[in-house]
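A.B. asks: What would the 3D arrangement of this be:
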Amino acid sequence: MALTGAAGYDELRSSFRWRVPERFNIAVACCDRHPPTATALVELRGGVRRTFTFGRLAELANRLANGLRGLGVERGDRVAILLPQHVETAIAHLATYKLGAVAVPMTVLFGPQALEYRLGDSGARVVVTDAAHVDAVTAASAATDLVLLVTDAQPKPPLRSFWHVLEAGSASFAAVATAADDPALLIYTSGTTGPPKGAFHAHRVLLGHLPGFDLSHDFFPRDGDRFWTPADWAWIGGLMDALLPSWYHGIPVVGAARDAFDPEAAVRLVADAGVRNVFLPPTALKLMRQAGVRLPPATLRSAMCGGEPLGVETLAWGREALDVTVNEIYGQTEANYVVGNSHGAWPVRAGSMGRPYPGHVVCVLAEDGTEAPRGEVGEVAVRLPDPVAFLGYFGQPEATREKLSRDGEWLLTGDLAREDDDGYLWFESRRDDVISSAGYRIGPGEIEECLLHHPAVALSAVIGVADPLRGQVVKAFVQLAPGYVGSTELEDEIRDLVKTRLASYEYPRLIEFVDRLPLTASGKIRRAELRERERSRSSSESRLWIPSRPSSGSRPA
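C.D. replies: This is a model prediction of the structure:
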C-alpha cells in the first residue's frame with residue numbers, strides 16, 4: 001500500500017492494491033507498534049509546552065482502558081469525547097479503541113441542545129469532558145445514566161475525575177483483537193442539509209484514508225515531518241485527515257486548542273513548533289489571506305485543505321505567501337479523502353477538486369444512474385466496497401439506503417460536479433444548493449469565489465431566494481473585512497464585479513451585509529440555515545437590506 005514519488009498518476013492507480021488485514025485496531029496501529037521513546041504529541045496549552053512519547057501515551061491509554069472497563073464499558077459501547085486538542089482527547093480515543101468500544105467525538109462548540117441530540121441518538125455510556133463543559137453536558141444528559149469523567153477539576157459526585165479513574169487502572173492492557181470491519185467511530189455529519197446523522201465507521205476507515213493522506217502531503221511521511229491543524233479533532237477532518245494518519249506513520253502531531261482561529265497566532269505556532277505539514281480548512285486560509293500573513297520560504301513542506309472549495313485566488317495566494325502548493329481534497333463524513341490533488345505526483349489544476357486517489361473508484365453519475373459524459377454535470381458517487389466508506393447511519397437504516405444507489409454499488413454524495421477529459425473533477429454545488437433562475441442553473445461556489453476578489457469581502461455565502469418572475473434570484477450574504485461598512489455603493493460594486501467576471505445572470509440581485517456568517521463547527525457555511533431564515537421572513541423583510549446609516553462609499557471607514 002506504500003506510495004512513492006517515482007510513479008505518475010496512472011501508474012500509482014494501476015499498481016495500487018488494498019491490504020486490509022482481517023484483524024486491525026486503530027490504537028495498536030497508531031500507538032503501540034511505534035518506538036516507545038519516539039515523540040507522538042507536542043501539546044501547547046495555557047502557555048506550557050508538554051511532549052508525550054508513544055510509550056507514554058500507550059501507558060496512559062492502557063490505564064484509562066482498564067478504568068473504563070471498571071466502569072462497565074464493554075465492547076461496542078459508545079464513549080463520547082467532548083474536549084479540545086488536549087492530551088486527554090488522544091488518550092480517550094486510544095483507550096476506547098483498545099477496548100473495542102466506539103468513540104463518539106463531539107466539538108466543544110456544541111451547546112446543550114446539540115449535545116442532547118447526539119448523546120441521546122448515540123446512546124453513549126460515558127462522556128469525557130472538561131470543567132468548562134460540564135454544565136452543558138449535565139443539562140443535556142439530565143434524564144440519562146451517563147457517567148461523566150472530568151479532566152481538569154476535582155468534581156463532586158456523581159461526577160468522576162478522569163485522572164483518578166486513569167491512575168487507578170493498571171498500565172498493562174491487552175487490546176481487543178477487533179476485526180477490521182468492527183465499529184470504532186460514530187461521527188456526526190455537519191448537518192448542512194438536515195439533522196445531523198451518526199456515520200458509523202469501522203477500524204479499517206483509517207487504512208482507507210491513507211492513500212489520499214499520503215499523496216495530498218506529497219508522499220507523507222518524510223524525515224522531519226511534524227503535523228498540525230486548527231481543525232477540531234472532533235471532526236472527520238481533524239481526526240482522520242490529521243491526527244490518526246500522522247500517528248499511523250509515527251509522525252508527531254502538535255495539539256493546540258484555541259477559542260477561534262487567529263491567522264497571526266497560526267503563523268507563530270507553525271514557526272515556533274517546527275510544523276512542516278498542515279491541514280488548513282479553506283475558511284482558515286481565506287482569513288490568513290485577508291490578514292496578509294506570510295511564512296518564510298521552506299517553512300512548510302506540505303499543505304492540504306478540504307471541506308469547502310478552495311478557489312483559484314486562494315490557491316495562488318498560498319503559493320506566494322506560504323511557499324507551498326495547497327493540495328485540495330474532497331470527501332464526506334461518510335466516505336472521506338477519495339478525491340484530491342498531489343502537487344508532488346501530478347499537476348494541480350487551479351479550481352479543480354483533483355482526481356480520484358489510488359484505491360478509490362469515483363464517478364459522476366447522470367440522473368438515470370449511468371456514468372455522465374465527460375463535461376456534463378452529475379452527482380459524485382463512490383463505488384462500494386471501499387475501506388473508507390461508512391458502515392451506515394447509526395440506527396437509521398432508511399437514511400442509509402437513501403445514501404446508496406438502488407443496486408447498492410455506489411455511495412451517493414449529493415454533490416454535483418463534472419469530469420474533464422483528463423479525469424479531474426470540478427465541483428459545482430451541493431444538490432440542495434443549486435439555484436434555478438430564469439432557466440439558468442447556478443452553483444453558489446463560483447460566485448462566492450468571485451466575491452473574494454473585492455477587498456471589502458472577507459467571507460460570503462450565496463443562496464437562491466424565491467422570486468415571482470424568475471423562480472429564484474441570487475442572494476449574497478457578505479461578511480465584510482475589517483474597516484469596511486455596508487453601503488448602496490458597495491452593493492453596486494459587488495454586483496458589477498460578478499457581472500464582469502462571471503455572467504450577467506449570476507450576479508447577486510440581493511445583498512445582505514452580516515456581522516458573521518453561520519458556520520458549522522467544522523467551518524462549513526450553513527446555507528440551509530440561511531435558506532430557512534429567508535423562508536421565515538415576510539415579504540417585506542426579505543427585501544434588499546439597507547444599512548440604517550450608509551456610508552458615502554466602499555473605502556475603509
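A.B. asks: C-alpha only now, for contacts and for neighbours.
C.D. replies: Will do.
A.B. asks: List the contacts of stretch 231-250.
C.D. replies: Contact with stretch 231-250 is made by 29-31, 34, 38, 40, 81-85, 105-107, 187, 206, 209-210, 213, 221, 227-230, 252-253, 279-281, 306, 333, 336-337, 522, as judged by Cα atoms under 8 Å, 6 or more residues apart in numbering.
A.B. asks: List buried residues within those residues.
C.D. replies: Neighbour counting with 16 or more other Cα atoms under 10 Å marks 29-31, 34, 40, 81-85, 105-107, 187, 206, 209-210, 213, 221, 227-230, 252-253, 279-281, 306, 333, 336-337, 522 as buried within the contacts of stretch 231-250.
A.B. asks: Helices - which of these land there?
C.D. replies: Here DSSP state H is the test, and these give Leu206, His209, Leu210, Phe213 as lying in helices.
A.B. asks: Reformat those residues as a markdown table; add distance to Tyr9.
C.D. replies: Shown next, in a markdown table, are these (distance: Cα to Cα, whole Å):
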| residue | distance to Tyr9 |
| --- | --- |
| Leu206 | 22 |
| His209 | 18 |
| Leu210 | 16 |
| Phe213 | 15 |
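A.B. asks: Inside strands: which ones of the buried ones among the contacts of stretch 231-250?
C.D. replies: If you go by DSSP state E, those have Ala40, Ile81, Leu82, Pro105, Met106, Ile187, Phe227, Trp228, Val253, Phe279 in strands.
A.B. asks: Mind pulling the model confidence for the third one?
C.D. replies: The predicted local distance difference test score for Leu82 is 96.
A.B. asks: from what I can see it touches Met106, true?
C.D. replies: Yes - with contacts counted by Cα atoms under 8 Å, Leu82 reaches Met106, the gap being 4.9 Å.
A.B. asks: what separates stretch 198-213 from the chain centre, distance-wise?
C.D. replies: Distance, stretch centre to chain centre, for stretch 198-213: 14 Å (Cα atoms, centre = their mean, to the nearest Å).
A.B. asks: Now do the end-to-end distance for that stretch.
C.D. replies: Criterion Cα to Cα, to the nearest Å; first-to-last residue distance in stretch 198-213 is 23 Å.
A.B. asks: Show me where the stretch 401-550 of the chain dips below the pLDDT cut-off.
C.D. replies: The model of the stretch 401-550 of the chain has pLDDT under 70 over residues 432, 434, 436, 438-441, 443, 468-471, 503, 520-523, 538-550.
A.B. asks: ranges for the helices of it?
C.D. replies: Using DSSP state H, counting those that start in this stretch, the helices of the stretch 401-550 of the chain run over 444-451, 488-501, 527-536.
A.B. asks: Figure out which of these is closest to Gln472.
C.D. replies: helix 527-536 (11.8 Å; Cα to Cα).
A.B. asks: Report the contact partners of Glu328.
C.D. replies: Residues counted as contacts of Glu328 (Cα under 8 Å, 6+ apart) are Ser216, Met304, Cys305, Gly306, Pro309, Leu310, Gly340, Asn341, Met353, Gly354.
A.B. asks: if you set the cut-off to 7 Å instead, what comes out?
C.D. replies: Neighbouring residues of Glu328 by Cα atoms under 7 Å, 6 or more residues apart in numbering: Met304, Cys305, Gly306, Leu310, Gly340, Asn341, Met353.
A.B. asks: In strands, which of those residues fall?
C.D. replies: Here DSSP E is the test, and the contacts of Glu328 give Met304, Cys305, Gly340 as lying in strands.
A.B. asks: Tell me the one among those nearest to Ala458.
C.D. replies: Closest to Ala458 out of the ones in strands among the contacts of Glu328 is Cys305 (18.2 Å), distances taken as Cα to Cα.
A.B. asks: roughly how far apart are that closest one and Ile81?
C.D. replies: Applying Cα to Cα, the value for Cys305 to Ile81 is 25 Å.
A.B. asks: and what of Leu206?
C.D. replies: Computed as Cα to Cα, the Leu206 to Ile81 distance reads 18 Å.
A.B. asks: Could you do Met304 as well?
C.D. replies: Distance from Met304 to Ile81, counting by Cα to Cα: 26 Å.
A.B. asks: Please apply the same query to Ala29.
C.D. replies: 20 Å.
A.B. asks: Could you look up the SS state of Pro155?
C.D. replies: coil (DSSP: H, G, I helix; E, B strand; the rest coil).
A.B. asks: For it, give its distance to Ala140.
C.D. replies: Distance, Pro155 to Ala140, by Cα to Cα: 18 Å.
A.B. asks: With neighbour numbers in mind, choose between the two.
C.D. replies: Counted by other Cα atoms under 10 Å, Pro155 and Ala140 do not tie: Ala140 has more neighbours, with 20 against 16.
A.B. asks: my guess is that one contacts Arg118, does it?
C.D. replies: No - counting by Cα atoms under 7 Å, Ala140 sits too far from Arg118 to count as a contact (9.4 Å).
A.B. asks: Closest to the centroid, which residue in the chain?
C.D. replies: In the chain, the C-alpha nearest the mean C-alpha coordinate belongs to Gly237, at 3.5 Å (Cα atoms, centre = their mean).
A.B. asks: hmm, which helix or strand of the chain has the shakiest average pLDDT?
C.D. replies: Every helix and strand of the chain was ranked by mean pLDDT, DSSP states H and E. The lowest is strand 440-442, at a mean of 64.
A.B. asks: can you point me to the longest helix in this protein?
C.D. replies: Per DSSP H, the chain has its longest helix at helix 54-70.
A.B. asks: Run the chain-centre distance for it.
C.D. replies: Relative to its parent chain, helix 54-70 has a centroid offset of 28 Å by Cα atoms, centre = their mean.
A.B. asks: in that helix, what's buried?
C.D. replies: Applying 16+ other Cα under 10 Å to helix 54-70 flags 54-69 as buried.
A.B. asks: thinking again about what came up before, of all the helices of the stretch 401-550 of the chain, which gets the most neighbours per residue?
C.D. replies: Of these, the one with the most neighbours on average (mean count of other Cα atoms under 10 Å) is helix 444-451, at a mean of 22.
A.B. asks: and that helix, what does it pack onto?
C.D. replies: strand 425-430, strand 457-467 (3 or more Cα pairs under 7 Å, 6 or more residues apart in numbering; DSSP states H and E).
A.B. asks: buried stuff in the last one?
C.D. replies: Buried positions in strand 457-467, judged by neighbour count with 16+ other Cα under 10 Å: Val457, Ala458, Leu459, Ser460, Ala461, Val462, Ile463, Gly464, Val465, Ala466.
A.B. asks: Could you chop the protein up by domain?
C.D. replies: 23-203, 434-536 (automatic domain parsing).
A.B. asks: So for Ala381, which of those sits nearest?
C.D. replies: domain 23-203 (16.9 Å).
A.B. asks: Quick check: end-to-end length of that closest one?
C.D. replies: Domain 23-203 has its terminal residues 9 Å apart, counting by Cα to Cα.
A.B. asks: Next: stretch 226-237.
C.D. replies: Stretch 226-237 has an end-to-end distance of 17 Å (Cα to Cα).
A.B. asks: for stretch 114-132, same thing?
C.D. replies: Start-to-end, stretch 114-132 (Cα to Cα) is 16 Å.
A.B. asks: from the chain's centre, how far out does that stretch sit?
C.D. replies: 20 Å.
A.B. asks: cool, and stretch 289-305?
C.D. replies: Mean-position distance between stretch 289-305 and its chain equals 19 Å (Cα atoms, centre = their mean).
A.B. asks: got the contact list for that stretch?
C.D. replies: If you take Cα under 7 Å, 6+ apart as the criterion, stretch 289-305 is touched by 216-218, 263-264, 267, 275-282, 317, 321-329, 458.
A.B. asks: for stretch 387-396, same thing?
C.D. replies: With Cα under 7 Å, 6+ apart as the test, stretch 387-396 has contacts from 197-202, 204-205, 207-209, 334-336, 399-400.
A.B. asks: If you rank those residues by neighbours, which is first?
C.D. replies: Most neighbours among the contacts of stretch 387-396, by other Cα under 10 Å: His201, with 28 neighbours.
A.B. asks: hmm, back to that, separate out the buried members of the contacts of stretch 289-305.
C.D. replies: 216-218, 263, 267, 275-282, 317, 321-329, 458.
A.B. asks: Fine, thanks again, bye for now.
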